[in-house]
Each structure stands twice: as structure tokens, then as C-alpha cells.
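Trainee: sequence and predicted structure are below.
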Amino acid sequence: MKKLIILLLFILTLSSQKIINAQNSFVPFTIHQTQLENGLNVVTVPFDSPGIVAFYIIVRVGSRNEVEKGVTGFAHFFEHMMFRGTDKYPKDKYEQVLKSIGASANANTSSDRTVYHMTGDANKLEKMFEIEADRFRYLNYSKEDFIIEAGAVKGEYTKNYANPLSRLYESIRNTAFDVHTYKHTTMGFYEDIVDMPNQYEYSLQFYKRFYKPEYCTILCVGDVTFNQIISLAEKYFGSWERGSYVADIPVEPTQNQTRYAHIKSSEVPPYLSLNYKGPAFNDTEIDLPALYLISSIYFGPNSSIYKKLVLEEKKVKSLGCYPSFSRDPELIGIYANLKDNKDLRYVLEELLAEVEAVKTKPVDITILNNAKSNIQYRTLMNMDNPTDIANILSSFISASGDPESINRYYKTLGKITPEDIINVAKKYFVNTSLTIGTITPDDIPDVTINK
Amino acid sequence: MKKQILTLILLLIASSCIPQEIIENKISSSNKVIIKVMLLNGSISDPVGKEGLTNLTASLLTSGGTKQYTYAEIQNLLYPMAASYYASVDKEVTIFTFQVPSDFLEEFYPIMTSVLFNPAFDKNDFERVKAEQENYVSQIIRASSDEEYSKKALEDLLFRGTRYQHLSEGTISSLKNITLEDVINHYKKTFFLNGRTTLGISGNYNDKFLSRLKNELSTNLKEIKLEEPEIKPKMPDGIQVEIISKKGAFGSAIFMGFPIDVTKRKDDFIALMVANSYLGEHRKSYGVLYNKIRETRSMNYGDYSYIEWYENGGANMLPPSGTPRNINYFSIWIRPVQIAAQLKKQYPELENIKLGHAHFAIRLAIRELEKLVKEGLTAEQFEETRQFLQSYIKLYVQRQSERLGYLLDSKFYSRKDFIAEAGEILSKLSLEDVNNAIRKYLQAENMYIVIVTDESEAESLAQSLLNNAYSPMSYSNIVLKSLPKSILEEDEIIANYKLNVKSVRIVNNNEFFK
């Protein structure tokens, strides 16, 4: 045991030194950034990956922007439509060119952004710019293609629906939010998905509103240079006209009592989640990084409650906590997969007691430093290739519009004190802002919290 | 004295046991080290009646304590390092993967070797890990993803009666039989055997470290011969279907295939890669199947084909390493299509339909396969697809861990570097090579099919398949109006296309993996 402690101390000393060495730039590469006159943000990250480039376009539009009734899920649907061709490159020709590039290319949508990505041969970068600029500026699909593509979205919903967890996720959001667009998932409400074929006119409006330079960031990581990217961006996107639309996203009122979302199912093990209203992304305020540290220290695989409920008592199969990187205040979820439904109340009370402990007992400074080291090393180790670097930077671009945000975020994280942890926990872990989600075989699970 | 000599001899024997090969991939610019140890003992090494034992043994090593540290102590030690490790068990291999920042390599070493060579086999750890595995087999596989369920169920059907049949996690009944004693014995007899262990290392490490690791591994290798069961999957007689009837399924998830006698060992595999990529490259919109089923008819989310196992296709865009196999099968994956009950709810004009889209989708896919077999690729299709793959396969090994993983897989297939060799073979490949490979390995007459669907759909689908009944597409009015005449004409041909169906069986949701 003594040997263990010595080893641990040794590791700690090393880890704090190593992280300090990272200094102001957390990431081990230079981020070049510039904005074209039309508002298009262009980011270049030269990285040692001979012959390979990751070419990403991040559009800061997602289900968050779906403010009108009846069109939830549209940002995601529109992502599908972006593959339906232009006059110059109709769908078949676009696919032929894409195939000739030999890239791994696709797109995905979430609450705050839609990302179009290609990783492939750096020698074919200009072609990538050309076909992407073409569809971002001159997308032109027929009404018939639009109607047909809607079926693929329904197919996507159909495949996801098999999992009761997907159904609970949908229900938690719908329960926790009253007016903010985070109320619906990125897939959208099912009735809106079924109605999608009837929304052709709206789709044209959607394209005009959001597929504009001021919503977009071009991100190139890999075997490229800053000058090369700027000149290609100017050539293909420079004359793209700026738009003017800004969605009026409703502000969520303060929640004032605990809410409940339940899926009755015996198909999967009982599931419990505590969903508190969290902060919006901010890289200079302590709130979000502190919540990440809390999730790791108090609910990660090294936490006391994990050791108690999962390893010793074996009442819980898995446990975790996930704050969100999001533009507006989002949910922070603490979840537990239970072994037996009879322990539901017990596990709920244990989790709530742990939440109270975070608010009252200062964390040991050694544990806090270990958590910082863990989070930072984990992120750094994940950045060994252009695609993964582009994915990580995309999440910062999505949240703040600025990839440098990653350096500020980790700098803020590095400064967090035990007092900060208590203050942030007190601010967000409040029962009146809580939505409890459950999957159990019961009609009504026993998870009610007394006021 | 006698005892000392014996010890010395034993030591000498031990030190002469070197792992069969070291796969090195030094990257001095990397901030981490990845170590993989590949053992030639996958789920085929499970004793009869103890299916899932190899997986449980490997999981207990990576999710349990050691003689030096409890599992909780390991978590404490690893926490500031952000080091991690896991095991994956497929049919023929078990792979342990460790990842650690180079800064902590020395501190990590004793933990890693302790995990591999000095497991505690603690009773508490065993019960926890076993419960997790039991839960996967009894609930998770059936409830979390119908499409993943259909893939695993097809393997059960296709390899029935062989040691390839069972999930690496085992079956509900076999897991009940497994004791801690079984795990300890299995570890002693089948893990870290001389000639069946390969060490791979990648990243920023020094020679001294590697040499120490090599020696430690060598001293732990055992001279035990492992029997390899013979795996001979049967080519089905005609088309044989099993429909898993599940309460509350939202669509019909389809997976179908037949055995093919080709693996990455043979150059033919690369020729067949071109044909397969043309027909149904995974998650790509260029494949014929995707184009016809999803893009043209909007029937589902995607449709692809494979010439080997593809791990977790729902999540992975590029094929992951770590599941090398000596036995392969060709397969077609049709992601969930609509069932009648849902279509009726969505569109009043479809209120009288009796059947969803599964039968039509299967007919369409098999018809395209048949066309491929009969017609082969044109010179243009060949050239486009070959050019695509030449660039695309390089992306498989973009990540440091995948680079190492593919090198280990290459070793399994007696190749040095499959990706590099495939690139060379692709550059020399001719249209004739590809079309010969198509004719040699592919056919559309004999096939196993598994469909996971709702209980409301199962019977009508079974009858339709069995009777080779006319199965027209049922589009909503708005989609119907949007489709060109040529597609509707082709639909008629597909709806009447005869399949060589020989048997259809409806099975209960609980029947698989019992």
C-alpha cells in the first residue's frame, strides 16, 4: 500500500509538471484562422499526415434552429438533401466525383451544427473545394427527389427506435424543456418526420436562411498549408454572398419543480437518469469545465460511488455523468444501469446523496489534479490523425464559433479550485431543475422526490 | 542441487520461448504508446457447453484485479495517466489493447504486465463480469439494435453446428455453466501459448522498454498445444429464412449471406473487394444496393454488402481491425425497412396493405446480386471502383491504433502489411481478375436470411416468402407521384422476381442464443 502511495505521488508530480509544460496552447499544433469578407471562417491545421487531409465544413445550424412548428428534424433532413445534387454536379455526377476522390465522406447533424466531412487524398483537395462550394452555393434538387429522400429519414428513425434508450432520450427532452428548441431531438418529432415530404417549399427557405457563409467554418487538417487553404477558399467561396437571417430561439424559462419521464419496458435492464439544467458553452467561465471535472471525479469509473454501487455492491452495471457542449443551456445527465429494479429507489437516493456531497464537501486537491490530468491526456491522445483532430475542433467551433476555444477551455479547466467545484455544483444540481428519466417494467416507477 | 538444475532448465526453456513475432511501428512524434497482444484463441476455443468462456476470461483480466492490485486500485493508479486497456474476443483471436501517454510508460508497465500475467481471479470480480456478459446475451443484443441482432443471428444460422456458431459472449445456458474454476483453467491452458501469441507495439517507446516487455512476455509463454476445431460451414440448399418475431419492432431488419472460401490470405480477396465495393461499399452512396433501395426508392437508411465480418457497422464508417478469420461469408445488410402496421398508420391510402417492404427489398437485393454474377463489372465500373479503393483503403489505418491493428491482422493472414500489399495488387488488377472472382465466389441461388421484425408482420412475411408471392412496393401517394415510370416498371419486375426459397421458419425472440 505504501508503495502504491509513493507511486501515486510520483505520478502526480510528473503529471502536474507535464501539463504545465503545455503552457498557453493546449493542443500540440498551430491553428491558423482567418475570416473572408463574406463572413466565412477558414481554419487550417497543418499536421504530419503525408498525403492525407481532413476537409470539414461546419455549419452552425442544427435542431436548435428549428423554431417553427411542424418542421422539427429539418436541419438533419436538409443534411440529406445536400447530397441530392446541383446543375453542374447532379446527384450521380457528384457521387462519381466523390468516388474518384477516394475519400471517406459523409455528414452528420446535432442540436447546434451540421458537419460535412471528407478525409482523403491531399492531392485532390482542390476538387474537394470545388464540389463542396458548388453544393453549398448552388444546390438544386427536384421536388421529386425531396419527397423521396424523406423516406430515408424515416428509415433512420426506424432503425434508432428499436432501442428503448432512444425513446427515453426523446421523452426526457420533451419533458425537461418547455419552449427552447432543445425540446425535440435532432431527428425531430415522429409526426413531423412523416410529414416531411410535404415541406418542399420550406426546404428552399431553409437553404436560403442557413447555408450562408456567416454560418460556416471551413476546417482543413493534415498535409496542407495555410496559404494553400486561403487561396482555395477565396477561389471557391470568396464570392459567396452573405445572408442575413437569424433564428429567434426561445429562451427556456426557469424550471421550478422536478419532472419525470418514463418508458415502461422490460426489454433492457432498469435505467435511471438524473437530468439537471446545465450551462451554455463558455470557454472562459468555470461552469462547464467544472462540471466535466465533477462528472469524472464523482461519477467516473474511479469515483467512490462507482466503486460502491458497481464494484462492491454490484447493484449497478454502469454509471456515468455527461455535461454537454452546447450553445444554449443544456441537460447534464447522471445515469445508472441497474441490475435489479428493486434497487431503483436505493440507487436514486445514493446518486442524490452523492450530488449533495459534491455541493458540501471540498474535493481533495490531489484528486482534482488527477482529474485534470486525466481529461487533458485523454484529449491529447485522441488527436493522432487529421479526422480525429477535425472532429474535436468541430465541437469547439460548433459551440463557440472559434477553434482557439479549445486552448481557452483547457486553460480555464486548469485553474479550477475545490471551491469552484462546490459553487458550480450548488448552482446546477438543484432539484427544481431536475428531470428524472426511467426505464423499468413498472407503470409508475418509485422515483418521486419530496420537495 | 537437482532441484536447482531443474529450475535452471525450466528457466532456459522459458526464456527460449519468444512470441512468434513482434510487430513494431515506432512513431517518435507520437505522444502515446499502444500495445496489442494478439492470441490465437478466440471463441472457437470455448469448450463445448462453456461457450463464452474465452470472452469471460479475457474480460475478467481487463475488468478485474490482479495479484498486485485490486481493480479499484488499478483505476486509481491509471486515473491521472488517462491510460486504458480492453480486450476484444472474436471467433479466432483474443486481442488485448493498452494505450498510455508516453510520459507514463514506465509507471504503466507493472500494471499492464500484472493484468496480463498475474490476474487475481477474484470471486467478486468474476460475479460482476459474468453478470454483465449474461445480461448482454439475454437482453442487450435483443433490445438495443434490431440490425445488430440480425447480424449476430445470421452467424448463428450460417455456422450452425460448428464452433463458429455461438456469440463470443456465449449463450444463456452455457454462461450458467461457467465457474471461476473454469476461467482459471482456461487461462492456464489457452492464454499466452508459445506460437500463438503476437506482440504489437506502436508509438513513442524506446528499445529498452520493448526488450523488457518482450522478455516478460517470453517468460510467460506456455508450451501447450491447442486443438483447433474444424469449421466447415454448409452452403445452404436454396434460400433458407429465419424470421425473428419480436414484440414492438418498428421495422424489418435484414441480414443475409452464404459462405465463401476466400480470406485476406488470397489475392482473390482483393479482386473481390472491387466487386463488393461496386455492389455495396459500407456507408457509401456509390453502391448499387444503396442507390436502388435507399436513394431511388427511399425504403430505408442504407444497404451494403460485405465479403468478411464487419464489426459494429452501425457505428463504424471504416472497417476496424481485430476480427481476422479463416472462414468468411458474403453478406448483404438491408437496414430496417417499413412494416405494414407502421405504413398503415402513416398513410390512409395504404390502409389495406398486408405486407411491409421486406420481401420486396430482399428480392431487389438478390436480383442485383444475380445481375452482378451474370454480367460482371464493365471496364468503366471496374476502373472507377479500383481507383476509389486505392485511395480509400489508406484511410483504414489513419489512426495509430488501427495501423497497429491492421499489421497484426496482416500477420494472421501471413502477410506483412495487408494495406500496402492490397494497394500494389489493386494497381495490377485487371477487369478479368475481378469478373473471374465474382464468378468463382458469388452466386444468388443459395442464401441464409435472417429478418428481425414485428410480430404483426412475421406470419404474412413468412407466407409471402414461402409462396414466392407477388410483393409490390407500397408507396405513399406523394412518393408514388414523384417516381419516374422506369422505376415503377422495374418495381413490377422485382415484385415478381422468383427467389429460390426452400424454407421459412418463424422463431421466437427468445430462441436465439439460448
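Mentor: On my side now, so go ahead. Residues are numbered from 1 along each chain as shown, chains lettered A, B, ... in the order given.

Trainee: what residues does the stretch 51-200 of chain A put near chain B?
Mentor: A:51-52, A:83, A:91, A:95-96, A:98-104, A:106, A:119-121, A:124, A:143-145, A:147-152, A:154-156, A:158-159, A:161-165, A:194, A:197-198 (CB under 8 Å from any CB of the partner chain). (C-beta placed from N, C-alpha, C; glycine too.)

Trainee: from those, which ones fall inside helices?
Mentor: Applying DSSP state H to those, the entries found in helices are A:91, A:95-96, A:98-101, A:143-145, A:147-152, A:154-156, A:158-159, A:161, A:164-165, A:194.

Trainee: show the buried residues in these.
Mentor: Buried by 16 or more other CB atoms under 10 Å in any protein chain shown: A:91, A:95, A:98-101, A:145, A:147-152, A:154-156, A:158-159, A:161, A:164-165, A:194, out of these.

Trainee: mind listing what residue B:484 touches?
Mentor: Residues near residue B:484 by CB atoms under 8 Å, 6 or more residues apart in numbering or on different chains: residue A:144.

Trainee: over to it: give its phi and psi.
Mentor: Main-chain dihedrals, residue B:484, degrees, to the nearest 10: phi -70, psi 160.

Trainee: ok, it to residue A:144 distance?
Mentor: 8 Å (CB to CB, to the nearest Å).

Trainee: spatially nearest residue to the residue in the stretch 151-300 of chain A that chain B sits nearest to (excluding sequence neighbours)?
Mentor: As assessed by CB to the nearest CB, chain B sits closest to residue A:151 within the stretch 151-300 of chain A, at 2.8 Å. In space, and not counting its chain neighbours, residue A:151 is closest to residue B:298: 2.8 Å by CB to CB, 6 or more residues apart in numbering or on different chains.

Trainee: isn't residue A:77 right up against residue A:152?
Mentor: No - Residue A:77 is not in contact with residue A:152 according to CB atoms under 8 Å; the separation is 9.1 Å.

Trainee: if you average pLDDT over stretch B:95-104, what comes out?
Mentor: Averaged over stretch B:95-104, pLDDT sits at 98.

Trainee: point out the other helices and strands that the one helix or strand residue B:108 maps to packs with.
Mentor: Using DSSP states H and E, residue B:108 sits within helix B:105-117. Packing contacts for helix B:105-117, counted by 3 or more CB pairs under 8 Å, 6 or more residues apart in numbering or on different chains; DSSP states H and E, involve helix A:2-21, strand B:32-39, helix B:53-62, helix B:71-78, strand B:94-101, helix B:207-219.

Trainee: ok, then the element right after it?
Mentor: Downstream of helix B:105-117, the first helix or strand assigned by DSSP H and E is helix B:123-135.

Trainee: show me what that following helix is in contact with.
Mentor: Under CB under 8 Å, 6+ apart, the answer for helix B:123-135 is A:269, A:310-312, A:314, A:317, A:339, B:52, B:55-56, B:59-60, B:63-65, B:71, B:169-170, B:172, B:175-176, B:178, B:180, B:183.

Trainee: near chain B at all, stretch A:411-428?
Mentor: No - Stretch A:411-428 stays clear of chain B (CB under 8 Å from any CB), getting no nearer than 13.8 Å.

Trainee: what's near enough to touch residue 336?
Mentor: You didn't say which chain, so I picked chain A. Residue A:336 sits next to A:271-273, A:309, A:316, A:318-319, A:347, A:351 when contact means CB under 8 Å, 6+ apart.

Trainee: wrong one, I was asking about chain B
Mentor: By CB under 8 Å, 6+ apart, the neighbours of residue B:336 are A:155, A:158-159, A:162, B:146-147, B:250-253, B:300-301.

Trainee: try residue A:186
Mentor: With contacts defined as CB under 8 Å, 6+ apart, residue A:186 is in contact with A:62-63, A:73, A:75-76, A:109-111.

Trainee: please enumerate the helices of the stretch 401-514 of chain B.
Mentor: B:418-428, B:431-441, B:455-466, B:477-482, B:485-496 (DSSP state H, counting those that start in this stretch).

Trainee: does chain A sit close to the last one?
Mentor: Okay, so that is helix B:485-496. No - shown here: helix B:485-496 not in contact with chain A (CB under 8 Å from any CB), separated by at least 9.6 Å.

Trainee: with just CA atoms, put stretch A:288-305 into CSV.
Mentor: Only the C-alpha atoms of stretch A:288-305 are listed here, as CSV (Å, rounded to 0.1, in the frame of the first residue of the first chain):
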residue,chain,number,x,y,z
LEU,A,288,-18.7,23.8,-17.9
PRO,A,289,-15.1,22.6,-17.3
ALA,A,290,-16.0,22.3,-13.6
LEU,A,291,-19.0,20.1,-14.5
TYR,A,292,-16.7,17.9,-16.6
LEU,A,293,-14.4,17.6,-13.6
ILE,A,294,-17.3,16.7,-11.4
SER,A,295,-18.5,14.1,-13.8
SER,A,296,-15.1,12.5,-13.8
ILE,A,297,-14.4,12.7,-10.1
TYR,A,298,-17.7,11.9,-8.7
PHE,A,299,-19.4,9.7,-11.3
GLY,A,300,-16.5,8.2,-13.3
PRO,A,301,-15.0,4.7,-13.1
ASN,A,302,-12.6,5.9,-10.4
SER,A,303,-15.3,7.6,-8.2
SER,A,304,-16.4,6.4,-4.8
ILE,A,305,-19.9,5.9,-5.8
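
Trainee: what number of residues lie near the nearest residue to residue B:212 once chain neighbours are set aside?
Mentor: Once flanking residues are discounted, residue B:212 sits nearest to residue B:109: 7.4 Å by CB to CB, 6+ apart. Residue B:109 has 17 neighbouring residues, counting by other CB atoms under 10 Å in any protein chain shown.

Trainee: and if you look at residue B:25?
Mentor: Neighbour number of residue B:25 under other CB under 10 Å is 15.

Trainee: show me what contacts it?
Mentor: Residue B:25 makes contact with B:200-203, B:400, B:403-404, B:407, according to CB under 8 Å, 6+ apart.

Trainee: phi and psi next, for the residue of the stretch 1-150 of chain A at minimum distance from chain B.
Mentor: Going by CB to the nearest CB, chain B is nearest to residue A:102 of the stretch 1-150 of chain A, at 2.5 Å. Note on residue A:102: its backbone torsions stand at phi 70, psi 30 [degrees, to the nearest 10].

Trainee: which residues sit in contact with it?
Mentor: Taking CB under 8 Å, 6+ apart as the contact definition, residue A:102 lies against A:120-121, A:124, B:387-392.
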